[in-house]
Every structure is written in C-alpha cells, then in structure tokens.
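# Predicted coordinates and the sequence they were generated for:
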Amino acid sequence: MTDLANETLYIRNIITQALESFDGTPYAMTKHDKARAQKVLVVKKPNREGHNVSRANHDLISINLAYWQIKNVISGKYENGHKCFEHKVLDGHVYWNEYRLFDSNERCGGMFVKVGDVDHGNLIQVLHELAHYIQFTLYKRDRRRWSYMRKTHGEGFCMLYSKMRDKFCNDPDVRTKFIDVMQPGLEYV
C-alpha cells in the first residue's frame, strides 16, 4: 500500500471509531451519516502551496496531510511565521495551535506534539474536522433543536471536539494505544 493509502485507511479507522463513540448519545450519527462520512472523505497531500487547509461540513471531510501544522511537526520549526508560539515552548515538541477563540481550552485547545509524531498531529486534525462534520450534520437535520451547532467554532463544536479529544487524544497513554490500533490491519477494542 502507498503512504497515502495507509494514511487514508488510518483516517477512515479514526472516523469510524470516533463516530461510534457517540452511539447511544443525543449526538449519535445514523448509519447513513456514518457511511456518508466515509464517502465524503477526501485525503490529500498536495505538492504545492495554497489550498493548504483541512475543512469539513455536512457534505465534506477534507484532510490535508501537508497542512502547515503537520509540516511544523515534521520539521520541529514554526514555518508559518506566526508569533503566537513565542511563549509556547517544550523541548522536543511543537505547539499545535487551535483557533484563538478556544486555543486556551484545556480539553480542546492547542497542545504540544512531539517533533516527528505525524500520527498525533493527524489525529488532532481529523478529530477537529470530524467535530465540524457532526455539528453541521446535526444542524442540518434539525436547525431548531441543534441551533447551538450553527456557529463554526462555537459552543456545539467545542463540546463535540472536547468529547472526542478526551476519549482519544488528550491522555498520552490512551492516545498512543489508540493511534497504534488505528493503523491499517488492527482493530480497536
């Protein structure tokens, strides 16, 4: 399998497990929604600059494996020129920042990623975009009931993203096990 094929399977596995983690909750996705998440997934690794974002809504989950923060994880340097990293230093790590609105949130905000740990960076990226997919799928389903899901990085998004980060990413031991079993050919128990 190519690297892109392996990464895509890794991401598909994360999406499957993360969506199943909401089963039995008010945020559960239907069987159709889960299948659609896999169908609308686009994993890319462009060779050129521009369009270097990952994004999602109810009809798209786009993951860019050459995202600028992934490049920072690989190189160990902050190549985007942002000054927001000046006071966020941990030896052997880079700071993965989130949107300013919630970057300081301890459950879903920015976090340190070990230099070279691309799987950790991609996990953060996929969970972030999957939270958007869930929020906009719920909002589209019933705008009145899910009105608090309307704002892109608002209360609904942060709640969904926090739940997934708590379950799969924030604890280093849990994260390591989860990443290991999300690799192609393994099964999460």
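Sure, I can see it.
# Tell me the confidence at the residue sitting furthest away from the middle of the chain?
Most distant residue from the mean C-alpha position of the chain: residue 144, 26.5 Å away (C-alpha atoms, centre = their mean). For residue 144, the model assigns a pLDDT of 97.
# Equivalent analysis for residue 97, please.
pLDDT at residue 97 comes out at 88.
# Grab the nearest non-local neighbour of it.
For residue 97, ignoring the flanking residues on the chain, the nearest one in space by C-beta to C-beta, 6 or more residues apart in numbering is residue 110 at 4.2 Å. From N, CA and C alone the C-beta is placed, and that goes for glycine too.
# Spit out the contact partners of the one you found.
Taking C-beta atoms under 8 Å, 6 or more residues apart in numbering as the criterion, residue 110 is in contact with 88, 95, 96, 97, 98, 103, 104.
# Who are the contact partners of residue 160?
27, 131, 134, 135.
# which residues of this protein fall in helices?
3-20, 31-39, 68-75, 118-141, 155-168, 172-182 (DSSP state H).
# Check which helices and strands the fourth one sits against.
Put plainly, it is helix 118-141. Packing partners of helix 118-141 (3 or more C-beta pairs under 8 Å, 6 or more residues apart in numbering; DSSP states H and E): helix 3-20, helix 31-39, strand 55-57, strand 60-64, helix 68-75, strand 111-114, helix 155-168, helix 172-182.
# Now do it and helix 172-182, the angle between them.
Per axes from the mean of the first three to the mean of the last three C-alpha atoms, to 10 degrees, the angle that helix 118-141 makes with helix 172-182 is 80 degrees.
# Mind exporting the C-alpha coordinates of helix 118-141 to PDB?
This file holds the C-alpha atoms of helix 118-141, laid out as PDB (Å, rounded to 0.1, in the frame of the first residue of the first chain):
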ATOM      1  CA  VAL A 118       2.700  12.900  12.500                       C
ATOM      2  CA  ASP A 119       0.100  10.400  13.600                       C
ATOM      3  CA  HIS A 120      -0.600  12.600  16.700                       C
ATOM      4  CA  GLY A 121      -0.900  15.700  14.500                       C
ATOM      5  CA  ASN A 122      -3.200  13.900  12.100                       C
ATOM      6  CA  LEU A 123      -5.300  12.600  14.900                       C
ATOM      7  CA  ILE A 124      -5.900  16.200  16.200                       C
ATOM      8  CA  GLN A 125      -6.700  17.300  12.600                       C
ATOM      9  CA  VAL A 126      -9.100  14.500  11.900                       C
ATOM     10  CA  LEU A 127     -11.000  14.900  15.300                       C
ATOM     11  CA  HIS A 128     -11.300  18.700  14.700                       C
ATOM     12  CA  GLU A 129     -12.700  18.200  11.200                       C
ATOM     13  CA  LEU A 130     -15.000  15.400  12.300                       C
ATOM     14  CA  ALA A 131     -16.400  17.600  15.000                       C
ATOM     15  CA  HIS A 132     -17.400  20.000  12.200                       C
ATOM     16  CA  TYR A 133     -19.000  17.200  10.200                       C
ATOM     17  CA  ILE A 134     -21.000  16.100  13.200                       C
ATOM     18  CA  GLN A 135     -22.100  19.600  14.200                       C
ATOM     19  CA  PHE A 136     -23.200  20.500  10.700                       C
ATOM     20  CA  THR A 137     -24.900  17.200  10.100                       C
ATOM     21  CA  LEU A 138     -26.900  17.700  13.300                       C
ATOM     22  CA  TYR A 139     -27.700  21.300  12.500                       C
ATOM     23  CA  LYS A 140     -28.900  20.300   9.000                       C
ATOM     24  CA  ARG A 141     -31.100  17.600  10.500                       C
END
